[in-house]
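Colleague: Give me the fold of what follows.
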Amino acid sequence: MSLAFVLYIFLGFNKFFQLGFVLTLARLPGSDEASPVVSKYWPLVVVLRVVTVPSTNWSIAGNLTYPYFPRMLDRVNYVLGAIVLMFVFDRAGRYISCEPLPTVLATTTLLLYLLHPVLMAFILSIFSNGSWFREANQVWLGSLVLCLALVWSAGAIKQVVSRRRSKKEQEASSSEDEDSET
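Modeller: Numbers count the residues shown, from 1 in each chain. Predicted coordinates for the structure are as follows:
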């Protein structure tokens, strides 16, 4: 791992997250003042995508999030292509009406993002002797199902607790009403 790679991870990913945050801020009610620039001239986007698209030959080149291509121009094209795609997806999302993500899925994706190494290690340690969960996609799917089950169970427990709490509050308020009448 070179210093350039570490700097890219630290600075590049940070800037991508900041760009995503700024793009999301423009969607808040009352602040949606981002006018289309390139989408009025959509053939420019096609040219930008052609210029910045990675080669058609699949090469993982060491790391999928930032492949270390041998030539610097290929690495720059990869990053520029990712930036262009962020703007394309943002603009496309403004033309399509969106429904809110269900809370279960939002919580599951957040936990999966945070806990996926732990969940995958847990699955691999449990099924290390058998032939199950030997492929990467099986381990990922197993961690997804496990995380979804955890979130669903936590939601069910939360509902039971809130029902009991509201029932106790109703009983307490009805007993106070009876005491005040007498």
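Colleague: As a check, name the ranges of all helices in the protein.
Modeller: For the chain, helices defined by DSSP state H occupy the ranges 3-7, 13-25, 42-52, 72-95, 103-126, 136-181.
Colleague: Just list what the shortest one packs against, helices and strands only.
Modeller: Based on contacts counted as 3 or more CB pairs under 8 Å, 6 or more residues apart in numbering; DSSP states H and E, there is no element that helix 3-7 packs against. Where you see a C-beta, it was placed from the backbone N, CA and C, and this is true even at glycine.
Colleague: hang on, the earlier thing: present the helices of the chain as a markdown table; the columns should include mean neighbour count and mean pLDDT.
Modeller: Converted to a markdown table, the helices of the chain look like this (neighbours: other CB atoms under 10 Å; pLDDT from 0 to 100):
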| stretch | mean neighbour count | mean pLDDT |
| --- | --- | --- |
| helix 3-7 | 10 | 77 |
| helix 13-25 | 12 | 80 |
| helix 42-52 | 12 | 76 |
| helix 72-95 | 14 | 79 |
| helix 103-126 | 14 | 83 |
| helix 136-181 | 12 | 83 |
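Colleague: Roughly how far does residue 125 sit from residue 151?
Modeller: Separation of residue 125 from residue 151 (CB to CB, to the nearest Å): 22 Å.
Colleague: go on, residue 160?
Modeller: Distance, residue 160 to residue 151, using CB to CB: 15 Å.
Colleague: same question, residue 74
Modeller: 40 Å.
Colleague: Show me how the protein divides into domains.
Modeller: Split into domains by automatic domain parsing, the chain comes to 3-95, 103-181.
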